[in-house]
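Participant: mind looking at a prediction? Sequence and model below.
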Amino acid sequence: MMIEEKNFGRTLKKEPVTLYTLTNAAGMKASVTDFGAILVSLLVPNERGELADVVLGYDRVKDYMVNACCFGATIGPVANRTANAEFKLGDTIYPLLINDNQNNLHSDGERGLHKVLWKAEKDEDGNAVTFTVSAGDGELGFPGNRTFKVTYSLSEDNALSIHYQGTTDKTTVMNLTNHSYFNLKGDDSEQSIEDELIWLKASRYTPVVKGAIPTGELAPVAGTPFDFTTEKTIKKDIDAEHPQLALVDGYDHNFVIDDYQKGNLQLVATLRDEKAGRTMEVHTDLPGIQLYTGNCMAPEFGKEGHYYPQRGGVCFETQYFPNSLNEKNFEKPVVASDGKYDTTTVYKFV
């Protein structure tokens, strides 16, 4: 399948930025850019064969240089929050940028992996594009000379796979994720996602304190607004009186995947919109998934001038748990100098 290339603008250093579009026989299209290894658009047919772009984003790289909501972004080297903007590895304490109250969020909002230019390599036989970028020892506060790869591939059964890889010459930490906001009605719907239905394979979640740092507890979802083990609409409980919802104005919590086994790719979530006629499955081999319902989205205009309201998209950020570097009971995303980071997440439309 031919992979289309299109000029997507220039960086502030006047480097050319390219948009790559993958297409399958069903008409599904995934457009990704070498700036930030970002997923820009995802055209998906519904049960009637009608196409809609189901991710929020922008038409120009200029807007992704700001991108306060991280639309479509590849987040790293460490996604989500790190308490007190520091972590200990061995006998060394590594300070990070303080950018979210007293904590660190997504490594660095201005210099993280979603704000740099990656090298692209097309694989037309595999209908895939691989983006590669390097980071030096100590860059953004993390140890090791590191190389990151993110491969987007589109299959004939309407599955967009994201394969993350990383290597390092010194023991370090890696926890990448994709921060796409999905709206199965289409990014042009100008509607929130509150009537869409979610199922999660998660009987526990990680409650947070002020600042959205996990307490360390793996709490049962049963009997709480966090129970998505039976499919329900987002709006059913999002405004319920619950201290955890009040802390972050809705859902912005990590869920603990049931039956997690390292390296085992499994179905962990579904998103369904009955009127739009679309269902998305999320598959991952990671232990956690952050459900974020766009609570902090300031209404703005995106692709082709489409209006994005508050809660105009929902994120399913597969990951190691937030603050896992500092929480003794959480699995650590540590990569040794003789090891590698290797994980896959799939967004499949059925």
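Facilitator: It's in.

Participant: name the SS class of the closest residue to N178 other than its chain neighbours, please.
Facilitator: Spatial nearest neighbour of N178, chain neighbours left out: I162 (5.7 Å); criterion: Cβ to Cβ, 6 or more residues apart in numbering. (Glycine included, C-beta is placed from N, CA and C.) Following DSSP: H, G, I helix; E, B strand; the rest coil, I162 is assigned to strand.

Participant: return the set of residues that bridge with I162.
Facilitator: Y152, T345 (DSSP bridges).

Participant: isn't it right next to T151, touching?
Facilitator: Yes. With contact defined as Cβ atoms under 8 Å, I162 counts as touching T151 (7.3 Å).

Participant: these two: who's more crowded?
Facilitator: I162 (24 against 20; other Cβ atoms under 10 Å).

Participant: list the contacts of the more buried one.
Facilitator: I162 is in contact with 150-152, 178, 344-347, counting by Cβ atoms under 8 Å, 6 or more residues apart in numbering.

Participant: T167 is in what secondary structure piece?
Facilitator: strand 159-168 (DSSP states H and E).

Participant: quick check: next helix or strand after that strand?
Facilitator: strand 172-173.

Participant: now what about that following strand, what contacts it?
Facilitator: 77-78, 87, 89, 142-144, 146, 325, 332-335.

Participant: what about 7 Å?
Facilitator: By Cβ atoms under 7 Å, 6 or more residues apart in numbering, the residues outside strand 172-173 that reach it are 77-78, 89, 142-144, 146, 325, 333-335.

Participant: just among those residues, which is most surrounded?
Facilitator: That'd be V78 among those, by other Cβ under 10 Å, with 32 neighbours.

Participant: how close does it get to S107?
Facilitator: For V78, the distance to S107 equals 5 Å [Cβ to Cβ, to the nearest Å].

Participant: ends of stretch 230-246, what's the gap?
Facilitator: End-to-end distance of stretch 230-246 (Cα to Cα, to the nearest Å): 23 Å.

Participant: what's the most distant pair in the contacts of strand 172-173?
Facilitator: R146 and L325 (15.7 Å; Cβ to Cβ).

Participant: what's the neighbour count on K236?
Facilitator: The number of residues near K236, taken as other Cβ under 10 Å, comes to 14.
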